[in-house]
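Asker: Structure for this input, please:
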Amino acid sequence: MPPMLADRFAAAGTREPLSALGEPDRAELTALLLRVEDFDELPGRWQAALLAAETGASSGGCGCGCHSAE
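Answerer: Purely as a prediction, here's the structure:
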């Protein structure tokens, strides 16, 4: 994972929606970040989650798009 992308996720990881990720989602994201080299290579749901955490935007839920509405 490039340092810039790693730094972005590390800085945003303590804020919603990234801070609300369950263990399976964290494992998926960690594995994904080992393979991608650029933000644009991330699937849309992870791009959205990172941007939401960086901007403080929240639409309810964790924002990663993988949970069904209850």
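Asker: which residues are in contact with the lowest-mean-pLDDT helix or strand in the chain?
Answerer: Within the chain, no helix or strand scores below helix 3-12, which has a mean of 83 by mean pLDDT, DSSP states H and E. Helix 3-12 is contacted by residues 18, 29, 33, 36-39, 50, 53-54 when judged by C-beta atoms under 8 Å, 6 or more residues apart in numbering. Where C-beta positions appear, they are placed from N, C-alpha and C, glycine not excepted.
Asker: Are any of those buried, and if so which?
Answerer: Among those, those classed as buried by 16 or more other C-beta atoms under 10 Å are 18, 29, 33, 50, 53.
Asker: and the third one, what element?
Answerer: The reference is to residue 33. Using DSSP states H and E, residue 33 sits in helix 23-35.
Asker: could you give the mean pLDDT of that helix?
Answerer: Over the span of helix 23-35, the pLDDT mean works out to 91.
Asker: got the buried residues for that helix?
Answerer: Residues 25, 28-29, 33 are the ones in helix 23-35 that count as buried (16+ other C-beta under 10 Å).
Asker: and the next helix or strand after that helix, what does it pack onto?
Answerer: Later in the chain than helix 23-35, the nearest helix or strand by DSSP H and E is helix 44-55. If contacts are counted by 3 or more C-beta pairs under 8 Å, 6 or more residues apart in numbering; DSSP states H and E, helix 44-55 sits against helix 3-12.
Asker: If I follow the layout properly, residue 15 ends up in contact with residue 51?
Answerer: No. When contacts are counted by C-beta atoms under 8 Å, residue 15 is not listed as touching residue 51 (11.4 Å).
Asker: Give me the neighbour count for residue 12.
Answerer: Look at residue 12: counted by other C-beta atoms under 10 Å, it has 20 neighbours.
Asker: Could you pull up the residues touching residue 40?
Answerer: residue 47.
Asker: and the angle for the helix holding residue 33 with helix 44-55?
Answerer: On the basis of axes from the mean of the first three to the mean of the last three C-alpha atoms, to 10 degrees, helix 23-35 is oriented at 100 degrees to helix 44-55.
Asker: Among the buried ones among the contacts of helix 3-12, list the two that are farthest apart in space.
Answerer: 33 and 53 (14.2 Å; C-beta to C-beta).
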